[in-house]
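Novice: I'd like to go over a predicted model; first the sequence, then the structure.
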Amino acid sequence: MSYSIMIDAGHGGRDPGAVYNGRQEKDDTLRLALAVGEILQNRGIDVEYTRTTDVYETPYEKAMEANQSGADLFLSIHRNSFPTDNEVSGVEALVYDLSGLKLEIAEALTEGLAAVGFEDLGVKARPNLVVLKRTQMPAVLLEAGFINSDTDNMLFDQNFDDIALVIAEGILDVLQRNGLVEETDSDMGVNGGGIGDQNTVYENDNEFENQTVPEYRVQTGAFRNRSYAERLRNELLEQDFPAYIDDSDGFLRVQVGNYGNLDEAVDMERRLKRAGYATVIVSAV
């Protein structure tokens, strides 16, 4: 029987959640919940949702739905908010108490999202939250950035696919480490062709003429402060990781390697994780 995860898109229907400049939390959470769920399903996880459309359920109803489903894990996705706009940014995860599998997953999620560029605000115990208190399985509530932070919204929109992948892979890594799911071929990546530079063109096969080879890189952090980025890059270089800074999009992204083959990027990501770094694989064409 496959491992089962119930994913909750926070708020919905008549409850928009936090709102900022017309942006509604309920829309961001639903979009992200469905994206994370699709990745997990493709990795062999049995995924259920508290909602897949714009409908309202109370937190208690969501917790009861999770219990009745027999899910092994409950993940509730939210966006945070602060009384003053653009004063606070970052991701955090909430759990019933700071112990067990839920804590491991919560830490993996915030650390992974830090590699995308969010500030890591850590994991906090919130025993009075209904979806954490009333669920009968390990439960994590993820605050995926502040909705009234322009910085976090830019990260959310520009790196949406990476965010969904980091969340899904963070969960899978912890489950595999605890022997709860087996590693599958899809976790190992798929062959992306030979190694080549960015925008390398296939020249000897008419079928692929004018198509480009994707380039895969392992990202370990994204910063707005150059000194922080240089410190991380130098730390990686001292350990013989081929690290550099990519500043092409306004952020200072510390990345390792340029791989035309996804398997090689996955191997490097594992080396970096074993060395204690939060990572995400990013691609460029």
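Specialist: The structure has been received and is ready for your questions.
Novice: okay, now the unreliable bits of this structure?
Specialist: In the predicted model of the chain, residues 1, 184-213, 285 satisfy pLDDT under 70.
Novice: show me where it has strands.
Specialist: For the chain, applying DSSP state E gives strands covering 4-9, 19-20, 23-24, 46-49, 73-80, 91-95, 120-125, 139-146, 215-223, 243-246, 252-259, 280-284.
Novice: residues in contact with stretch 89-103?
Specialist: Applying Cβ atoms under 8 Å, 6 or more residues apart in numbering, the contact partners of stretch 89-103 are 73, 80, 106-107, 109-110, 113-114, 118-127, 129, 132-133, 138-146, 149, 151-152, 174, 178. Where you see a C-beta, it was placed from the backbone N, CA and C, and this is true even at glycine.
Novice: repeat that for 6 Å
Specialist: Around stretch 89-103, the neighbours that count as contacts under Cβ atoms under 6 Å, 6 or more residues apart in numbering are 106, 109-110, 113, 118-119, 121-127, 132, 138, 140-146, 149, 151-152.
Novice: nearest to residue 273, of the strands of the chain?
Specialist: strand 215-223 (9.5 Å; Cβ to Cβ).
Novice: which strands and helices sit next to that closest one?
Specialist: Strand 215-223 is packed against helix 100-116, strand 252-259, helix 262-274, strand 280-284, with contacts defined by 3 or more Cβ pairs under 6 Å, 6 or more residues apart in numbering; DSSP states H and E.
Novice: make it 8 Å
Specialist: Under the contact criterion of 3 or more Cβ pairs under 8 Å, 6 or more residues apart in numbering; DSSP states H and E, strand 215-223 touches helix 100-116, helix 226-238, strand 252-259, helix 262-274, strand 280-284.
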